[in-house]
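Engineer: Sharing a model prediction with you, sequence too.
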Amino acid sequence: MLSASTTSTVGSSARSSDLLNSRSIKHVVVLGANGAMGLGSGVLFTTVVPRVTFLARTKEKADGGLSAAIKMVRSSTVANRVETGSYDADFDRAVAEADLIFEAVTEQLDLKREFFERIDKVRRSDSIVATVTSGLSINLLAEGRSESFRKNFLGLHFFNPPNVIVGTELIAGKDTDPKLVDFVDEYCTKRLGRAMVRTADTPGFAGNRVGFKVLNECAILAEEHGPLLIDELVGPYTGRALTPLATIDLVGWDIHRAIVDNIYELAPDEAHETLKLPEYMADLMAKGVLGRKTGAGFFGEDDAGERIVLDPKTRKYSPRSAIARPELSFIEEISRLHHVGRYREGMQAFAAATGPYAAIAQKVIAGYISYSFHRVGEVTDDISGIDRIMGYGFNWAPPSVLVDTIGLRPTIRMIEKAGLPVPPALANAQEGTMFFRDPQVNVGKFFVAA
């Protein structure tokens, strides 16, 4: 006789199998396959799909995407399963044959809608259309499309590089078939090994709404305090693998701007001004500064190979070695505690640290926690969704992990001291409440870079 738990497991497995068998994905077309996200996503699909078509403006560009994809994973599977082509010569045929059309073209609303209009004319009525947009409205992108297109259209937001970062946002439109959403969720989880988070169709969704608020706030602070100091104050010891301004350089200033401009325009909230792009970034972007892709952003190297740092006030670069470092012994003490696995003590010491530099770091982290909890019910149903995408997508300590390690009352005091609103979920919680509920995750993983 089966136990109740065994019966539940069997039932769950059967439902999973039924979902996965409800559709077949044997051919994926990737649009924008010469870009980092397109080719990275294409690599991911080749792990489970026998036929993947890379399309770009020209076949040469698509071939370049394939070469980069092969180099990325050093696997013959990619070369064996990918065919390449151009939008002019191969679009209609490939899209008509595809089970899934995955759009990864430049993050411009009008451009994406042009592609969707073209897809709508030739796709099969049952094919899935997914966009990897980092924050544009799914409903707006589908506007004017056929009923079957809207029914089979959704957002599938991988984080770059998709073959490494498993956090993935799934965003349904108002007309998306709920059965399709369930299928894609199950398929991505079981076949592609994704950590899935369902989010609302709001600007920036969940991860970028929260993450780029923090990144842009650090960019604003850098104008007064300098990039080097800000990246140390909001560094790995606060629970992140890569420092904020180095992250913007890696993502690209243009991508950063597209995301924060979209959120700033469409989502006025209690932290609205922290999402306004700093004027100095706009000025430098007009001169071609885009981060690593152009050789320098907040950080770079000069012709002699010496590391240089931007001074946002003067818009000029200085040798890193010439920039004085203030006394930051509180960071060294917290990092020492993290190194020996005493994460709670480390984060409690962080919340208790005094002095102007500690106050800057505390305000950013307090803002991260406050902003995340205030987005519950708007971008995700509960805090666990935001926790998952920040942990698995950004590789940042989830907001709940920070509350649990700092402690409820010290967290509330830190938020109040920063002059920020205390989320009701924290204000109304009982002492001893634990907010992070993923028993499979060792919270120490978020502090190992400290």
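Structural biologist: Arrived safely, thanks for sending. Small disclaimer: the values here were computed from a predicted structure and weren't measured.
Engineer: what residue ranges in this structure score low on pLDDT?
Structural biologist: Applying pLDDT under 70 to the chain flags the ranges 1-14, 450.
Engineer: let's go with 90 and repeat that
Structural biologist: 1-23, 73-77, 160-161, 163, 303, 437-442, 448-450 (pLDDT under 90).
Engineer: can you list the domains in it?
Structural biologist: As assigned by automatic domain parsing, the chain contains the domains 10-199, 207-446.
Engineer: Make a markdown table from these and add mean neighbour count to it.
Structural biologist: Where C-beta positions appear, they are placed from N, C-alpha and C, glycine not excepted. Formatted as a markdown table, those follow (neighbours: other Cβ atoms under 10 Å):
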| stretch | mean neighbour count |
| --- | --- |
| domain 10-199 | 19 |
| domain 207-446 | 19 |
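Engineer: Could I get the full set of strands for the chain?
Structural biologist: All strands of the chain, identified by DSSP state E, fall at 27-31, 51-56, 82-86, 100-103, 128-131, 153-158, 167-172, 195-199, 299-301, 307-311, 316-319.
Engineer: Of all those strands, which one is nearest S400?
Structural biologist: When the strands of the chain are compared for distance to S400 using Cβ to Cβ, the nearest one is strand 195-199, at 13.8 Å.
Engineer: Who are the packing partners of the closest one?
Structural biologist: strand 167-172, helix 178-190, helix 383-392 (3 or more Cβ pairs under 8 Å, 6 or more residues apart in numbering; DSSP states H and E).
Engineer: Send me that strand as PDB with only the CA atoms.
Structural biologist: Extracted in PDB, the C-alpha atoms of strand 195-199 (Å, rounded to 0.1, in the frame of the first residue of the first chain):
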ATOM      1  CA  ALA A 195      14.800  28.200 -11.800                       C
ATOM      2  CA  MET A 196      11.500  29.600 -12.900                       C
ATOM      3  CA  VAL A 197       9.700  32.700 -11.500                       C
ATOM      4  CA  ARG A 198       6.300  33.800 -12.700                       C
ATOM      5  CA  THR A 199       6.100  37.600 -12.700                       C
END
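Engineer: what does that strand rub up against?
Structural biologist: 166-172, 181, 185, 188-189, 205-207, 379-381, 385, 388-389, 392-393 (Cβ atoms under 8 Å, 6 or more residues apart in numbering).
Engineer: Equivalent analysis for stretch 332-343, please.
Structural biologist: 236-237, 345-347, 349-350, 353, 405, 443-444, 447-448, 450.
Engineer: Now, these that are in helices?
Structural biologist: The helices, defined by DSSP state H, take in 345-347, 349-350, 405 from these.
Engineer: Let me know the closest of these to I230.
Structural biologist: Of all the ones in helices among the contacts of stretch 332-343, I230 sits closest to F350, with 16.0 Å by Cβ to Cβ.
Engineer: Against V52, how distant is N80?
Structural biologist: As for N80, its distance to V52 is 10 Å (criterion: Cβ to Cβ, to the nearest Å).
Engineer: Test of understanding: give the bridge partners of the nearest residue to I171 once chain neighbours are set aside.
Structural biologist: Distances taken as Cβ to Cβ, 6 or more residues apart in numbering place G155 nearest to I171, at 3.3 Å, with adjacent residues excluded. Judged by DSSP bridges, the bridge partners of G155 are T131, I171.
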